[in-house]
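Student: 3D model of this:
(2 chains)
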Amino acid sequence: MIPVLFNCKGSSDDIAAVRKLTERSAFSLKGICIYTENGAEEITDFAKKLQIPVAFGAGEPLMMKENHTYSYGNSKRRAVDLIKDFVQANDNAVIVSDAPLTNIAAFLLCYPHMAEKIKCIAIAGGSIYSGNSTPCAEKNIYDDPEAAQIVISSSAPVVLFPLEATRGSSNTLMTVLCCLIDATCADTVECGVEIELESSCSRGCSIVDLFNKRNLKKIKVVTKTYVEKLNKLLESGKAGK
Amino acid sequence: MERKKVIIDTDPGIDDFLALILAKSSEILDIRGITAVAGNQTLDKIAKNALGIAEFLKLDAPVAKGADKPLIFNQVTASIVHGDTGLGNFKLPVPSRDFDSRYAWDLIYDEAVAAKGELSIISIAPMTNIAIALYKYPELKHLIKNITAMGGSTENGNIGILGEFNFYVDPHAARSVFRSGIPINMIGLNVTSKTSMNDEEFGTLQGIKCKKPDDFFNLMNLYRSTHTAFGSQKTIAMHDSLAVAYEADPSILTMLETYVEIETGAGLCRGRSIINRNAAPNSKIAVDLDKKRFLSMVKDSFRIF
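Tutor: Sure thing, here's the model as predicted:
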């Protein structure tokens, strides 16, 4: 079983994704980190029933806003510490993120020696050419570009699922996980990725350096997923009914 | 009188060494911890220097290692000023103890909690450790009394045209700290440059009685030889010491309350501290100093060398 931690925003889509995941014996969901405590009651209750630990992030981008209200809510465990405990306790730890990368960046900064123990950080976010928050920036990256840059440039292995790869998928979390267990479900390239942090019209844009012009650390970028194959995999026993 | 509890976040570095000497000699400051961060040199060299200096000065405060690179940008060092080891060819004693097992940010937090709101941070390095402490423990903003930082400038910079080294190296960290709501005293290059000793002032050091005069003058001469800013005259500016001196005796500096924003862009203004007189203040910045009194504090501290 692959131990998984899910970093999300706690939306109804996230709850559906978690439900699906817990029905699959190929994966073991060990924790959920939520961007902010506000509005996360439903997923918290749901996780409690399944006895999956939940922790909250600060709910603001890492590079603090003016007079920030940055706090970790009332939970006993901070998101950074839930991630730490998860990585410490599990070999082959897989972190899947479908939210701003604030919690994961904070974890990597606070526990720098643990980056290399992670099997993979799979990020649903970014885009190769298009955007949804702005014409060229995808929302999860745009909402905390500095955090994304910290995670992508860290020494942890990263797989990026940009908009082009997740378009058409009804369940991002399962798409990501299935691609991780069966590489033939996706086309993947290895190249450098850098986040634009400055320009007023391109801020939050993920620059996928397909031709390795900038000689960056290489990560895996999924350029295409095969939806039919993914669906078959989900229905078959391989993804673990 | 109860002494002021401080943590010194540092990247020694020759002028950090001088600043730590000043802090140790102070009867006002109670050093609760030394936290090392990549800056003047790489973290392995910096941390080794910090532990060696603690041994040399017989400091018993914990020495903890922190960040080995800035938050976002690649590391830039100042080996041209501080030599390959960060301390020229100065030989520090072999440490009789190890680093504290905590990371810098965890030590800062633990000491802040223990001091119940009375801990100050003297920051004489890139602010990476302090920023990470704030990301991990947002409640620190209510626990830290103030941060006195050598960094920034209202005029010219040193590594950039307008960017001072500490803020230039990690502008994202500096921005996070300035925006945290913790009261900040910014001791910028515009004032620390005024600590420069000319030949005559440097000459008065000759009379100092210390235990290792040869080592002391080797170190000072090395540092001095890198500062030839004004024509052929060698100068020696004790940037970091001024932050320590202010924490020990705020009356040596004239301060101005203002709003400071840090430019995080990688362009021409990288790391610049921008002063905005039209916004509600978030800091006090140094505008002038009592040089005579500062130099006498510094000279006095060298006797422990």
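Student: Next, the buried residues of the helix-or-strand element of chain B with minimal mean pLDDT.
Tutor: Sorting the helices and strands of chain B by mean pLDDT, DSSP states H and E puts helix B:79-82 at the bottom, at a mean of 74. Neighbour-count burial for helix B:79-82 flags B:81-82 (criterion: 16 or more other Cβ atoms under 10 Å in any protein chain shown). All C-beta spots, glycine's among them, are computed from the backbone N, C-alpha and C.
Student: Find the centremost residue of chain A, please.
Tutor: Geometric centre of chain A, nearest residue: residue A:97, 1.4 Å, by Cα atoms, centre = their mean.
Student: does it really touch residue A:126, like I thought?
Tutor: No: in this structure residue A:97 lies outside contact range of residue A:126 using Cβ atoms under 8 Å: 11.1 Å.
Student: Which residues are in contact with each of the two?
Tutor: Listed contacts common to residue A:97 and residue A:126 are residue A:140; contacts here mean Cβ atoms under 8 Å, 6 or more residues apart in numbering or on different chains.
Student: can you count the residues close to residue A:38?
Tutor: Counted with other Cβ atoms under 10 Å in any protein chain shown, residues neighbouring residue A:38 total 11.
Student: Which strand residues bridge residue A:7?
Tutor: Beta bridges link residue A:7 to residue A:33, residue A:97 when assigned by DSSP bridges.
Student: Contacts only, for it.
Tutor: Listed by Cβ under 8 Å, 6+ apart, the contact set of residue A:7 reads A:32-33, A:35, A:79, A:83, A:95-99, A:101, A:103-104.
Student: Filter those residues down to the buried ones.
Tutor: Using 16+ other Cβ under 10 Å, the buried ones in the contacts of residue A:7 are A:32-33, A:35, A:79, A:83, A:95-99, A:101, A:103-104.
Student: what about the residue nearest to the centre of chain A, distance to chain B?
Tutor: In this view, residue A:97 and chain B are 17 Å apart by Cβ to the nearest Cβ, to the nearest Å.
Student: repeat for residue A:199
Tutor: 9 Å.
Student: Quick check: phi and psi at that residue.
Tutor: Residue A:199 adopts backbone torsions of phi -50, psi 140, taken as degrees, to the nearest 10.
Student: got it, and residue B:279?
Tutor: phi -110, psi 160.
Student: check contacts around it.
Tutor: When contacts are taken as Cβ under 8 Å, 6+ apart, residue B:279 is in contact with residue B:259.
Student: what does residue B:27 give?
Tutor: Here residue B:27 is in contact with residue B:3 (Cβ under 8 Å, 6+ apart).
Student: try 10 Å this time
Tutor: Residues in contact with residue B:27 (Cβ atoms under 10 Å, 6 or more residues apart in numbering or on different chains) are B:1, B:3, B:248.
Student: which among those residues end up buried?
Tutor: Buried by 16+ other Cβ under 10 Å: residue B:248, out of these.
Student: Among the contacts of residue B:27, pick out the one closest to residue B:165, please.
Tutor: residue B:248 (23.1 Å; Cβ to Cβ).
Student: so that closest one makes contact with residue B:25?
Tutor: Yes: using Cβ atoms under 10 Å, residue B:248 is in contact with residue B:25, at 9.4 Å.
Student: what touches both of those two?
Tutor: By Cβ under 10 Å, 6+ apart, residue B:248 and residue B:25 have these common neighbours: B:297, B:301.
Student: For the spatially most central residue of chain B, what are phi and psi?
Tutor: What sits nearest the mean C-alpha location of chain B, by Cα atoms, centre = their mean, is residue B:124, with 1.7 Å. Main-chain torsions, residue B:124, degrees, to the nearest 10: phi -130, psi 40.
Student: Count the residues that sit near the nearest residue to it once chain neighbours are set aside.
Tutor: Distances taken as Cβ to Cβ, 6 or more residues apart in numbering or on different chains put residue B:240 closest to residue B:124, at 3.9 Å, once the chain neighbours are dropped. For residue B:240, the count of nearby residues is 32 (other Cβ under 10 Å).
Student: following the helix or strand hosting residue B:240, which helix or strand comes up?
Tutor: If you go by DSSP states H and E, residue B:240 is part of helix B:239-248. Using DSSP H and E, the helix or strand that follows helix B:239-248 in sequence is strand B:253-262.
Student: Residue B:156 looks like it's in a strand, true?
Tutor: No: counting by DSSP: H, G, I helix; E, B strand; the rest coil, residue B:156 is not part of a strand but coil.
Student: Tell me, how many residues neighbour it?
Tutor: 13.
Student: can you tell me which residues contact it?
Tutor: Neighbouring residues of residue B:156 by Cβ under 10 Å, 6+ apart: B:162-164, B:189-190, B:193.
Student: Strands of the stretch 101-250 of chain B, start to end?
Tutor: Taking DSSP state E, counting those that start in this stretch to define them, one finds strands in the stretch 101-250 of chain B at B:119-123, B:144-150, B:184-187.
Student: Serialize the ones you listed to CSV and add fields for distance to residue B:171 and mean pLDDT.
Tutor: Converted to CSV, these look like this (distance: least, Cβ to Cβ, whole Å; pLDDT from 0 to 100):
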stretch, distance to residue B:171, mean pLDDT
strand B:119-123, 14, 98
strand B:144-150, 13, 98
strand B:184-187, 14, 98
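Student: gap between the worst-scoring helix or strand of chain A on mean pLDDT and the chain center?
Tutor: When each helix and strand of chain A is scored by mean pLDDT, DSSP H and E, helix A:227-235 comes last, with a mean of 85. Distance of helix A:227-235 from the chain centroid (Cα atoms, centre = their mean, to the nearest Å) equals 21 Å.
Student: what comes up buried for it?
Tutor: Across helix A:227-235, burial judged by 16+ other Cβ under 10 Å covers A:230-231, A:233-234.
Student: can you pull the pLDDT of residue B:84?
Tutor: We have a pLDDT of 70 for residue B:84.
Student: count of residues packed around it?
Tutor: 11.
Student: My guess is it contacts residue B:41. True?
Tutor: Yes: because the distance of 8.0 Å satisfies Cβ under 10 Å, residue B:84 is recorded as touching residue B:41.
Student: so what sits against both of those two?
Tutor: The contact sets of residue B:84 and residue B:41 overlap at residue B:77 (Cβ under 10 Å, 6+ apart).
Student: where does the chain dip in pLDDT?
Tutor: As the question left the chain open, I've gone with chain A. Residue ranges of chain A with pLDDT under 70: A:64-76, A:237-241.
Student: Oops, wrong one, chain B.
Tutor: Using pLDDT under 70, the flagged stretches of chain B are B:83, B:226-234.
Student: interface residues of it facing chain A?
Tutor: When proximity is defined as Cβ under 10 Å from any Cβ of the partner chain, chain B approaches chain A at B:66-69, B:71-74, B:103, B:105-106, B:128, B:131-139, B:141, B:172-173, B:175-181, B:259, B:261, B:264-267, B:279-280, B:282.
Student: buried subset of these?
Tutor: Buried subset of the residues of chain B next to chain A (neighbour count, 16+ other Cβ under 10 Å): B:66-69, B:71-73, B:103, B:105-106, B:128, B:131-138, B:141, B:172-173, B:175-181, B:259, B:261, B:264, B:282.
Student: one step back: let me know the closest of the contacts of residue B:27 to residue A:110.
Tutor: residue B:3 (30.2 Å).
Student: Please name the residues that touch the residue lying closest to that closest one once chain neighbours are set aside.
Tutor: Leaving out its chain neighbours, the residue that sits closest to residue B:3 by Cβ to Cβ, 6+ apart is residue B:30, at 3.8 Å. By Cβ under 10 Å, 6+ apart, residue B:30 lies in contact with B:2-6, B:23, B:61, B:115, B:118-119.
Student: mind redoing it with 8 Å?
Tutor: B:3-6.
Student: Then residue B:147?
Tutor: So residue B:147 contacts B:120-123, B:130, B:177, B:182-185 (Cβ under 8 Å, 6+ apart).
Student: List the beta-bridge partners for it.
Tutor: Residues in beta-bridge contact with residue B:147 (DSSP bridges): residue B:121, residue B:184.
Student: Tell me the secondary structure at residue A:191.
Tutor: Going by three-state DSSP: residue A:191 is strand.
Student: I figured it hits residue A:210, correct?
Tutor: Yes: between residue A:191 and residue A:210 there is a contact at 5.4 Å, judged by Cβ under 8 Å.
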